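Trainee: Structure for this input, please:
(2 chains)
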Amino acid sequence: MNIKKILKDIDDYYRQKATEYPEMELGEMESIFNILSIGFLFGHPLVPIHISLELLKDIEPESIIMSINKTSLTSHPLSYLFSSFDIG
Amino acid sequence: MQELVFFTGKGGTGKSTNAIIFALQEAKEKNIFLCSLDPAHNLKDILQIKSLEEINKTVSNLDIREPSISEILKEYLEKMEDQLKSSHSYLSSFNLLDSLGLIKYSPGMEEYAIFYEFQKLFTKNIDKKDVFIVDMPPTALSIRFFSLAKLSVLWLDKLIDLRYRIINKKKIIDKVKKNISSDDRVLSNLLEQKQNYQKTDKLLMESIIHVVLNPEPVSINESRKLIKDLENLGYKNIVINVNKSNDEYNTEIEKLSSKYKTIQTPEFKKKPVGLNLLKKLV
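Mentor: Numbers count the residues shown, from 1 in each chain, chains lettered A, B, ... in the order given. Got it, this is the predicted structure:
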C-alpha cells in the first residue's frame, strides 16, 4: 500500500472540497464582469462600446461561452442557486 | 507641439470659416495642422477648391485634412475584426463577427470614431506642428467628444476594481490548490486603456476651445448651455468667438463672456469663401 499516494489523494480531495464554493463565487464574479464589460454580445449593452471592443480580444473564450450560457439562466436564478448549493 | 485649439458651437455659426481664418493667420509664422472632424465637413467648399492638396501646396506651413468619419469607423471595425479572428476564431461559429457590421450604428460609436481619429492624427503630428486646430461637429456631438475620455476613465475604474477582486479570489484558490497564478491579461488591458484615456483627457484640458456663436437668441442660448457643460467637465480655456457681430444682444453676450476672452468678427460685405478672399481677410 502506498501510504504517500493515499495521503496525497486525501489532501487533493480536501483541497478540492475547500475551494468548491470560492470557485463557484469566482465563476459568478467572472460572469458579472463579462456581462458588465462585454454585455453588448448578450443583449445587455452597459459600458461604452469602445471599452468593450478593446477588451474583447483579451477575455478568455471559455469565459465568454460560460457567460452566454449563464444569461439564459437569468430567468431562473433561484433554481440555479438551489442546484448549486444542492438544496431540494 | 505648442497648442491644441478647437472650434465648436451651434451648426451654421461659422466654426469652419473661423477655423480656416485662424489657421491662415497662424500659418504666417507657425507650422499649422488643421483638420475637420465634423461628419458634415465643408472646408473644401469654404475654400472653393477641389482637393485639399491644392491648399497644402499653395499655402506654406499649412496642412489640412478632412477625414471621413464613416471610413474611420470602417477601418476601426476591420482592425477589431482581424484581432478577434486571430484570437477568438470560435466567434465565427456564433456569427458574432457579422454583428460587428451593425456596431457602427451603436450609440457612442460616432463620437468614438472622431476621438480615435483625433488621437491618431495628433500622435502623428505632435512633433512636426506648432498648432493643431480642430474644426469640430456641432454642439451635441462635440460635447460627447469632450466628455468621452473622462467618462471612459470612470467606467474603467469600476471595471478595474471588480477585476482586482476577481484576481484576489483567484489567488486564494490557487494558493490552496497549489496552482501557479498567471498574469491577468484583462487587467493589463483595462489599465492600458485607462492610461490612454487619462493622457488624452489631460491634453484636452489644456486645449483652447473657441465657442463660435452668432448674435441671435438661439445661438446665444445654445452657447450658454455648451459653455456650462464644458465648465462642468473642467474645461477652463474657453474663448467666445462672436461671428457676424453687430450691436444687437450685446448685454446677453457680455453676460456670457464675462469670464472669458471674447473675439468679435464683423459680418463681411462679401461672403468669406474662396482661398484668395480668406487670405486677404487675414
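Trainee: what sits against B:Thr213?
Mentor: Let me fix one detail, which is that residue B:213 is Leu and not Thr. Applying Cβ atoms under 8 Å, 6 or more residues apart in numbering or on different chains, we find B:Leu213 in contact with B:9-10, B:13, B:219-220, B:222-223, B:240-243, B:253, B:256. Bear in mind the C-beta positions are built from the backbone N, C-alpha and C, glycine included.
Trainee: let's go with 6 Å and repeat that
Mentor: B:9, B:13, B:219, B:223 (Cβ atoms under 6 Å, 6 or more residues apart in numbering or on different chains).
Trainee: Of those residues, which is the nearest to chain A?
Mentor: B:Gly9 (25.1 Å; Cβ to the nearest Cβ).
Trainee: That closest one is in contact with B:Val211, isn't it?
Mentor: Yes: when contacts are counted by Cβ atoms under 6 Å, B:Gly9 is listed as touching B:Val211 (5.3 Å).
Trainee: B:Ser207 is in contact with B:Leu4, correct?
Mentor: Yes: here B:Leu4 reaches B:Ser207: they are 4.0 Å apart, a contact under Cβ under 6 Å.
Trainee: Compare those two and say which is more crowded by neighbours.
Mentor: Between B:Leu4 and B:Ser207, counted using other Cβ atoms under 10 Å in any protein chain shown, B:Leu4 has the larger neighbour count: 19 against 15.
Trainee: Could you measure from the more buried one over to chain A?
Mentor: Distance, B:Leu4 to chain A, using Cβ to the nearest Cβ, to the nearest Å: 21 Å.
Trainee: what sits up against the helix or strand harbouring that residue?
Mentor: Taking DSSP states H and E as the criterion, B:Leu4 maps to strand B:3-9. Outside strand B:3-9, the residues that touch it by Cβ under 6 Å, 6+ apart are B:15, B:18-19, B:131-136, B:142, B:207-213.
Trainee: for stretch B:184-204, same thing?
Mentor: So stretch B:184-204 is contacted by A:54-55, A:58-59, B:149-150, B:152-153, B:156, B:159-160, B:163, B:167 (Cβ under 6 Å, 6+ apart).
Trainee: Between these, identify the one with the most neighbours.
Mentor: Using other Cβ under 10 Å as the neighbour test, those are led by B:Leu156, with 26 neighbours.
Trainee: in the stretch 1-150 of chain B, which spans are helices?
Mentor: Ranges of helices within the stretch 1-150 of chain B are B:15-26, B:43-47, B:52-58, B:69-87, B:96-103, B:109-125, B:139-177, based on DSSP state H, counting those that start in this stretch.
Trainee: Quick check on B:Leu37: phi, psi?
Mentor: According to degrees, to the nearest 10, the main-chain angles of B:Leu37 amount to phi -100, psi 20.
Trainee: Could you check how many residues crowd around the closest residue to A:Pro22 other than its chain neighbours?
Mentor: Spatially, and ignoring its direct neighbours in sequence, A:Pro22 is nearest to B:Ile173 (5.4 Å; Cβ to Cβ, 6 or more residues apart in numbering or on different chains). When counting by other Cβ under 10 Å, one arrives at 17 neighbours for B:Ile173.
Trainee: Likewise for B:Glu216?
Mentor: 15.
Trainee: can you tell me which residues contact it?
Mentor: Applying Cβ under 6 Å, 6+ apart, no residues contact B:Glu216.
Trainee: Now do it, the pLDDT please.
Mentor: Looking at B:Glu216, its pLDDT stands at 91.
Trainee: Point out where chain B drops to low pLDDT.
Mentor: B:1, B:87-100 (pLDDT under 70).
Trainee: The same query, at a cut-off of 90, please.
Mentor: Filtered on pLDDT under 90, chain B yields the residue ranges B:1-2, B:11, B:39-61, B:69-109, B:125-128, B:174-183, B:244-259, B:264-282.
Trainee: Show me which residues of it are close to chain A?
Mentor: B:80, B:83, B:87-88, B:90, B:106, B:108, B:112, B:155, B:159, B:162, B:166, B:169, B:173, B:176-177, B:185-186, B:189, B:193 (Cβ under 6 Å from any Cβ of the partner chain).
Trainee: number of nearby residues for A:Phe42?
Mentor: Neighbour tally, A:Phe42, other Cβ under 10 Å: 16.
Trainee: For chain A, which segments are assigned as helices?
Mentor: A:3-18, A:20-38, A:49-56, A:61-71, A:77-84 (DSSP state H).
Trainee: So which elements touch the longest one?
Mentor: It refers to helix A:20-38. Applying 3 or more Cβ pairs under 6 Å, 6 or more residues apart in numbering or on different chains; DSSP states H and E, we find helix A:20-38 packed against helix A:49-56, helix A:61-71, helix B:139-177.
Trainee: would you list the ones you listed in CSV and tack on distance to B:Tyr260?
Mentor: Below are these laid out as CSV (distance: least, Cβ to Cβ, whole Å):
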stretch, distance to B:Tyr260
helix A:49-56, 31
helix A:61-71, 49
helix B:139-177, 16
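Trainee: deepest of the ones you listed, which one?
Mentor: Across the helices and strands packed on helix A:20-38, averaging neighbours per residue (mean count of other Cβ atoms under 10 Å in any protein chain shown) puts helix A:49-56 on top, at a mean of 21.
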